[in-house]
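Chemist: Okay, predicted coordinates and the sequence, questions at the end:
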Amino acid sequence: MTTTAPLAVVLAAGKGTRMGSDLPKVLHQAADKTLLEWVLDALTAAGCTDQIVVIGHGAELVRETIGGRPGVQFAVQHQQRGTGDAVRAAADTIKALASPTGKAEATPDRPVIIVCGDSPLLRAESVTGLLSAFRERQAACLLGTALADDATGLGRIVRNAAGRFQRIVEEKDASDAERMIHEVNMSTYIFAAGKLLWALDRLNTENAAGEYYLTDCPQLLLENGDEVDAVACLDSSETLSVNTPEQLAAVADALAAAHR
């Protein structure tokens, strides 16, 4: 029997070079829990009890730290070839969880939410809100976005004249006009399982970084005639990725204040 309960994929393979530590970035502590545990707790509270954690740098240490959590499975990204490659590392597990037969097309509508493991300010209510919007729209993909005063370094959400989503453009690939856009990608996505796997199979490395971009998947689906939308419903701090000790300290303060 198949299920339409949400499945989560958590990207946790990065080294975090700017942290100045050999410890995997997602295992740094903030307010008495690792960054990764904050994310997993929010997903669990939102009903995502099946969780695939994509690991790479320090994989065994991540396994030791969270391997005992109910519902957690692991996928390994052996080389750092981009976010699309990270999710492709989880493709076989997504298939297995989406359908007992391993055929993704058997359960095309099972929601797969993809988030970053170094974003501990993610809130369960934001995840449930996005899931509700995804189901209402019967979308192939729904992005949770934010409006940022300073969008430096973030992917921009490009819309057409009617305000409909067209694509995500990474800053290094953006034109001068696209860099003026304030709606930004927050690396929070919900896909229908079968549509996600279809798009992952069609990714290429034709971009400035020579990587497989997960951000190309929504555009591929749109070009295929599927329903893709973006909702500016997240606070710009909510999916802040921790990349430096200074950001870690700021996040720890925010978490401590929120959970007093």
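Modeler: Received, thanks.

Chemist: buried residues in the helix or strand encompassing residue 43?
Modeler: Assigned by DSSP states H and E, residue 43 belongs to helix 35-45. Using 16 or more other C-beta atoms under 10 Å as the test for burial, helix 35-45 gives 35, 36, 37, 38, 39, 40, 42, 43, 44. (C-beta placed from N, C-alpha, C; glycine too.)

Chemist: Return the member of these nearest to residue 6.
Modeler: Comparing the buried residues of helix 35-45 against residue 6 with C-beta to C-beta places residue 43 closest, at 8.4 Å.

Chemist: So for the lowest-mean-pLDDT helix or strand in the chain, what gets flagged as buried?
Modeler: The least trusted helix or strand in the chain, going by mean pLDDT, DSSP states H and E, turns out to be helix 91-98, with a mean of 90. Neighbour counts over helix 91-98 (16+ other C-beta under 10 Å) mark 91, 93, 94, 95, 97, 98 as buried.

Chemist: can you check stretch 164-180 too?
Modeler: Buried residues in stretch 164-180, counted by 16+ other C-beta under 10 Å: 165, 167, 168, 169, 170, 174, 178.

Chemist: Just confirm the fourth one contacts residue 156, I think it does.
Modeler: Put plainly, it is residue 169. Yes: using C-beta atoms under 8 Å, residue 169 makes contact with residue 156 at a distance of 5.3 Å.

Chemist: List the residues that are in contact with both of the two.
Modeler: residue 178 (C-beta atoms under 8 Å, 6 or more residues apart in numbering).

Chemist: residue ranges of the strands in this protein, please?
Modeler: In the chain, the strands defined using DSSP state E lie at 7-12, 29-30, 33-34, 50-55, 72-76, 111-116, 141-147, 156-159, 165-169, 183-192, 228-231.
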